[in-house]
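Undergrad: Output the structure for:
(chains A and B)
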Amino acid sequence: MENTEFAKVFWEIAELLELKNENRFKIRAYQKAAQNIESLSENLSAVYKKGGIKELEEIPGIGEHIALKIEELIKTGKQKNHQQLLKEFPRGFIEMMRVPGIGPKTALMLRKKLKIDTADKLQTAVAKGLLKELPGFKEKKIENIKKGIALKERVKGRFLLSEADQYVTALVDQLKKLKEVEEILPAGSYRRGKETVGDIDILVTAKKSEPIMKAFALFPQVDRVLSQGPTRSSVILRNGMQADIRVVQPKEFGSAAHYFTGNKQHNILIREMAVKKGLKVSEYGVFKGTKWTAGKTEAEVFKAVGLPYIPPELREGTGEIEAARKGKLPDLIELADIRGDLQMHSKYSDGGNTIEELVEKAQELGYGYIAITDHTKSTRVAGGQTEKEIIKELAHIDRLNGKLNGFRVLKGAEVDILPDGTLDFPDSVLKVLDVVIAAVHSNFKMPREKMTRRIIKALENKYVNLLSHPTGRLIGKRDPYEVDIEDVIKAAKETGTYLEINAYPERLDLSDLHCRRAKEAGVMMSIDTDAHAAAGLEAMKYGVMTARRGWLEPKDIINTYPLAKLIKLLYAKR
DNA sequence: GCCGTTTTCGGCCCGACTGTTTTCAGTCG
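TA: From the prediction side, this is the model:
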């Protein structure tokens, strides 16, 4: 069972207990547990295997009872209370409660009065006008439910960070033009650099808010307005994404930025620390009694609770506060630390640009080196080259390097890992390459153990210095293949192979959690764009974001080192 | 249900907006 599956059970228990009008702190306990499980870098089953119930209870938010439920899930795949609750409220009913605007109270009334217990039935009832008969249901409320159903249809989940990025940039550009606007900060999961973003939160400081709210609602990206008040407005953008804008006073900027950046768990922890110090933290500032004492900057808020500044990407409530308290926050990698890009494709395989064009773009980005890593013969659909064909490309690179000053093109290939774990090129070819990237591009649906063995076998080849997109996932499109990532990390450590953080927005593979795990295991990584065109080199920022979320520092990333040191690292295994 | 440099029992973050409630409940973030 994957951690997300464990978490899903506890999210559902929380929702079901809400329906039963259970103690809200109990509900929160389940939510907290679910959230903590989701952000755990180690698989729960592995934790349990290591030290049983006691080890599970070490995880924040997990006590005796939830630990026992986890044990039950590991042993039987099911959990009794969860099953019992599902009998009372089937999944269709929970689904209905997830329609925006429908909470537990409304859902229960709908079922009691009209026997509506699925989202589909709700839609039919709305269409037939049955809701009018209910107490407290007038035109507006029914209209909202109608819109909620339509929205749910259209918005299936979250959006790629890169897609959110486009909208954020557009919205910020327009906000900048309003004369009332002072500071602008896109906050929320976007600012934390999460791989997917549920909605966009933009914080603005201004003395007067109405003109901003009015203008915002009329931006061309806005499809419709959900709500509009003096401090907060919510809209749905044309791509179905929700965007919230919050306007605060300049002196509230720091506390508001902190609050709107989240995540929720992190905020709760900070507020609890404040309470213990006799303070109150809200989006409007840090207060002693009713007296405002701080909040102009985020650093002030952290300082008030006795902490140093914590970068947004770490604010997930997964140990960053503890680390901050001990002065052990990582010195996170930044985009400017990147000195080169070790995976990209040229016209020799399926790339859109020549090597010269890629070099030009890389120089524009201030890099000192790149590796050209075209596909090999097995990946025919992507123009994979044979052993003979790549010789020409390598000669081309040699000639080019002869002309370049202070810049180096490394000779590489993205070599297929065949189903039996052998590589697409013989060692006699691999050994003339500087960068040998191994990757799985076929036979994704292997059993877990076989896939794990396949990949580890490739890592054992002394010429393979980098494993590309280690889990093969495409966010929102394709699940990772079945592979024991823990074993792969271990094998990377033992063989001296580096793991890749593929910065391609749809991949971000390794994920943030796996990065953190790999670092803990002492494995170095590289951040590469896997660009198929010169412009694709700009995606590096998403890979860096992921690395930051994985607590990585420049020293953990091989392409932050100068060329000479990088070459040493690349040849260390031979 | 979790948790403990105020607690092993008694707490548990804080606020905005909507709609219809004449003082607030429900929902959301």
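
Undergrad: Tell me the first helix or strand C-terminal of the helix or strand harbouring residue A:214.
TA: Assigned by DSSP states H and E, residue A:214 belongs to helix A:210-217. The element immediately downstream of helix A:210-217 (helix or strand, assigned by DSSP H and E) is strand A:222-228.

Undergrad: Give me the angle between that following strand and helix A:210-217.
TA: When axes from the mean of the first three to the mean of the last three CA atoms, to 10 degrees is applied, the directions of strand A:222-228 and helix A:210-217 differ by 140 degrees.

Undergrad: So strand A:222-228, near DNA strand B or not?
TA: Yes: judged by CB under 7 Å from any atom of the strand, strand A:222-228 comes into contact with DNA strand B at A:227, A:228. Backbone N, C-alpha and C define where each C-beta goes, glycine included.

Undergrad: swap in stretch A:297-312?
TA: No: shown here: stretch A:297-312 not in contact with DNA strand B (CB under 7 Å from any atom of the strand), separated by at least 10.8 Å.

Undergrad: now that stretch: mean pLDDT?
TA: Average pLDDT, stretch A:297-312: 94.

Undergrad: How far away from the center of its chain is it?
TA: Centroid separation between stretch A:297-312 and its chain, computed with CA atoms, centre = their mean, to the nearest Å, is 23 Å.

Undergrad: Flag every buried residue along that stretch.
TA: Residues A:298, A:300, A:301, A:302, A:304, A:305, A:307, A:310, A:311, A:312 are the ones in stretch A:297-312 that count as buried (16 or more other CB atoms under 10 Å).

Undergrad: now stretch A:478-497
TA: Under the neighbour-count criterion of 16+ other CB under 10 Å, stretch A:478-497 has A:480-486, A:488-489, A:491-493, A:495-497 buried.

Undergrad: May I ask which two of the residues you listed are separated the most?
TA: Greatest spatial distance in the buried residues of stretch A:478-497: A:482 and A:496, 25.5 Å, computed using CB to CB.

Undergrad: Excluding chain neighbours, what is closest to residue A:354?
TA: Nearest residue to residue A:354, sequence neighbours excluded (CB to CB, 6 or more residues apart in numbering): residue A:347, at 5.5 Å.

Undergrad: swap that for residue A:573, please
TA: Residue A:573 sits nearest to residue A:496 (CB to CB, 6+ apart), 4.5 Å away.

Undergrad: per-residue confidence for that neighbour?
TA: Taking residue A:496 on its own, its pLDDT is 97.

Undergrad: is it true that it touches residue A:571?
TA: No: assessed by CB atoms under 8 Å, residue A:496 is found out of contact with residue A:571, at 10.6 Å.

Undergrad: Remind me what the least confident helix or strand in chain A by mean pLDDT packs against, helices and strands.
TA: Lowest on mean pLDDT, DSSP states H and E among the helices and strands of chain A sits helix A:139-154, with a mean of 78. Applying 3 or more CB pairs under 8 Å, 6 or more residues apart in numbering; DSSP states H and E, one finds that helix A:139-154 contacts helix A:119-128.

Undergrad: what does the helix or strand harbouring residue A:45 contact?
TA: Following DSSP H and E, one finds residue A:45 within helix A:44-57. By CB atoms under 8 Å, 6 or more residues apart in numbering, the surrounding residues in contact with helix A:44-57 are A:1, A:3, A:6, A:37, A:40, A:58-59, A:62-64, A:66-68, A:70-71, A:74, A:486.
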